[in-house]
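> requesting a structural model of the entry that follows:
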Amino acid sequence: MTDACEQLVLYFFTYPSVGEDDWRYAFATATVRVLEAQMLSRATFADMAGAESYDAAVDLLGAGEYAPPQGVKSFAEMESLLLHRRSEVRELFKELIIDEPIVELLRAREDFANMRLALRRKLTGKPLGVDYSNDGSISAEQFEEIFEQENYTPLPLYMQEAIERAVLAYYQDKDIRRIDYALDSAQAEYRLTRAEQLKSVFLLELFRMRIDLTNIRTMLRLKFTEDEQRNVFLEGGYIQAQRFKHGLDIGYEAVAHLFFATPYYEVVEHGVAYFSSNKSFLRLEQQCDKHMTGYLKSTVQITAGPQPVIAYLLMKEHEIRSVRLVLTAKKNCLDPRLILDRLGE
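Prediction:
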């Protein structure tokens with residue numbers, strides 16, 4: 001029996017622990033509980049997906065925070081509105097979180113996104129451009145200057161090391177995907193290290209879960225493209241990398257069974273079944289989102305703590321992405337069924 005087929009033993013069935021209460025966050029928790037009740041319902045997204053046109057979908061947002069100024073419906077203006085709402089929720093997050101290292105950890109997401117964009121452009125000889133995010137710990141202007149001058153010393157050590165790993169990985173065979181694999185690995189390691197230093201059970205479990213879901217996506221995409229790469233799976237999740245490697249060598253009909261004893265059986269089962277019928281990863285992405293959201297929603301058991309505040313930020317960002325997804329799909333006249341398949345409605 002191979003390592004990949006050995007019985008996996010976890011201390012939870014579907015979702016791990018979210019940690020304990022922290023009464024310093026009583027006000028912050030109460031604030032996000034009120035805001036959660038104002039988030040868009042599943043019915044609203046279903047109605048938007050089924051709307052007869054893009055304009056009709058925008059009209060369904062007319063009574064809430066995503067309502068455009070009167071007479072404004074263009075996609076560019078709606079996208080600007082959504083970016084503004086995202087900035088607002090991130091500012092609120094910074095105001096509510098008492099522990100600054102948590103804010104820094106979440107802001108690092110944008111730093112890694114900026115690194116990914118800059119390295120892809122620099123290593124492929126394309127102009128750097130100016131469309132970096134300003135929501136990271138390094139401003140967009142400073143980030144552009146650092147990469148233009150190729151002087152990375154102003155960056156934190158973990159960012160310098162991530163850049164070095166990505167550059168070395170790319171020059172192995174000049175495959176641009178290796179930049180992504182290297183940065184994903186560096187980001188996963190950074191997240192786990194910081195979560196352990198913060199002694200945050202919630203963040204540690206969240207990041208381990210993200211690693212597993214990323215590996216599931218990677219496994220199925222490598223399988224579809226018949227890619228021979230094997231050493232691209234992230235370490236630090238609940239599921240050993242060997243299980244994902246084994247999934248590359250078996251038929252699609254057996255992949256879900258490989259994860260039967262894990263919390264991700266339904267994610268893989270639904271994702272593979274939809275792919276087999278439609279040659280699309282829409283349902284896989286939807287199932288990954290659903291699993292992650294389920295864990296975030298389980299913070300309802302916390303009376304006071306940073307967990308509900310972090311969960312609200314991530315769920316609100318997901319809501320904003322979903323609104324943009326639907327509006328993009330309606331603008332391009334996509335089949336409502338495809339939109340619903342992605343949303344899971």
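> now do stretch 177-184: distance to the chain's middle.
15 Å (CA atoms, centre = their mean, to the nearest Å).
> show me which positions of it end up buried.
R178, I179, D180, Y181, A182, L183, D184 (16 or more other CB atoms under 10 Å). Using the backbone N, CA and C atoms, a C-beta is placed for each residue, glycine as well.
> show residues contacting the helix or strand hosting A182.
Assigned by DSSP states H and E, A182 falls within helix 177-198. By CB atoms under 8 Å, 6 or more residues apart in numbering, the residues outside helix 177-198 that reach it are 99, 101-102, 105, 108, 112, 115-116, 119-120, 123, 158, 161-162, 165-166, 168-170, 172, 203-204, 206-208, 210-211, 214, 232, 234-236.
> using CSV, write out every CA atom in that helix.
The C-alpha trace of helix 177-198 is given here as CSV (Å, rounded to 0.1, in the frame of the first residue of the first chain):
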residue,chain,number,x,y,z
ARG,A,177,4.4,29.0,-14.5
ARG,A,178,7.4,28.4,-12.3
ILE,A,179,7.2,31.9,-11.1
ASP,A,180,3.7,31.2,-9.7
TYR,A,181,4.7,27.9,-8.2
ALA,A,182,7.7,29.5,-6.4
LEU,A,183,5.7,32.5,-5.1
ASP,A,184,2.9,30.3,-4.0
SER,A,185,5.3,28.2,-2.0
ALA,A,186,7.0,31.2,-0.5
GLN,A,187,3.7,32.8,0.4
ALA,A,188,2.4,29.6,2.0
GLU,A,189,5.5,29.3,4.1
TYR,A,190,5.3,33.0,5.2
ARG,A,191,1.7,32.6,6.2
LEU,A,192,2.2,29.5,8.3
THR,A,193,5.3,31.0,10.0
ARG,A,194,3.5,34.2,10.9
ALA,A,195,0.4,32.4,12.1
GLU,A,196,2.5,30.3,14.4
GLN,A,197,4.3,33.4,15.7
LEU,A,198,1.0,35.0,16.4
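> and the next helix or strand past it?
Immediately after helix 177-198, counting by DSSP H and E, sits helix 201-225.
> and that following helix, what does it pack against?
Using 3 or more CB pairs under 8 Å, 6 or more residues apart in numbering; DSSP states H and E, the elements in contact with helix 201-225 are helix 177-198, helix 241-247, helix 252-258, helix 265-278, helix 282-297, helix 306-331.
> what does the third one rub up against?
Residues external to helix 252-258 that are found in contact with it (CB under 8 Å, 6+ apart): 4-5, 219-220, 223, 243, 246-247, 250, 265, 268-269, 272-273, 275-276.
> how about 6 Å then?
G247, V268, E269, V272, S276 (CB atoms under 6 Å, 6 or more residues apart in numbering).
> residues touching the fourth one, list them.
It refers to V272. By CB under 6 Å, 6+ apart, the neighbours of V272 are Y252, V255, A256.
> run the chain-centre distance for the helix holding A182.
13 Å.
> what angle do that helix and helix 306-331 make?
150 degrees (axes from the mean of the first three to the mean of the last three CA atoms, to 10 degrees).
> what mean pLDDT does helix 177-198 get?
Averaging pLDDT along helix 177-198 yields 92.
> likewise for stretch 19-27?
95.
> got the CA coordinates for it in CSV?
Output of stretch 19-27 as CSV, limited to C-alpha atoms (Å, rounded to 0.1, in the frame of the first residue of the first chain):
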residue,chain,number,x,y,z
GLY,A,19,-9.7,29.1,18.4
GLU,A,20,-10.9,30.8,21.5
ASP,A,21,-12.6,34.0,22.5
ASP,A,22,-10.7,37.2,23.0
TRP,A,23,-12.8,39.8,24.8
ARG,A,24,-10.7,42.7,23.6
TYR,A,25,-12.6,42.3,20.3
ALA,A,26,-16.1,42.5,21.8
PHE,A,27,-17.0,45.8,20.0
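> count of residues packed around the nearest residue to I98 once chain neighbours are set aside?
Spatial nearest neighbour of I98, excluding adjacent residues (CB to CB, 6 or more residues apart in numbering): R24 at 5.6 Å. By other CB atoms under 10 Å, 13 other residues sit near R24.
> how near is R24 to V201?
Relative to V201, R24 is positioned 16 Å away (CB to CB, to the nearest Å).
> equivalent analysis for R86, please.
The value you get for R86 to V201, if CB to CB is used, is 27 Å.
> now swap in Q70 and tell me
47 Å.
> neighbour count for these two, which is higher?
Taking other CB under 10 Å, Q70 and V201 do not tie; V201 has more neighbours (15 against 7).
> tell me which helix or strand in the chain has the weakest average pLDDT.
None of the helices or strands of the chain scores lower by mean pLDDT, DSSP states H and E than helix 140-149, at a mean of 82.
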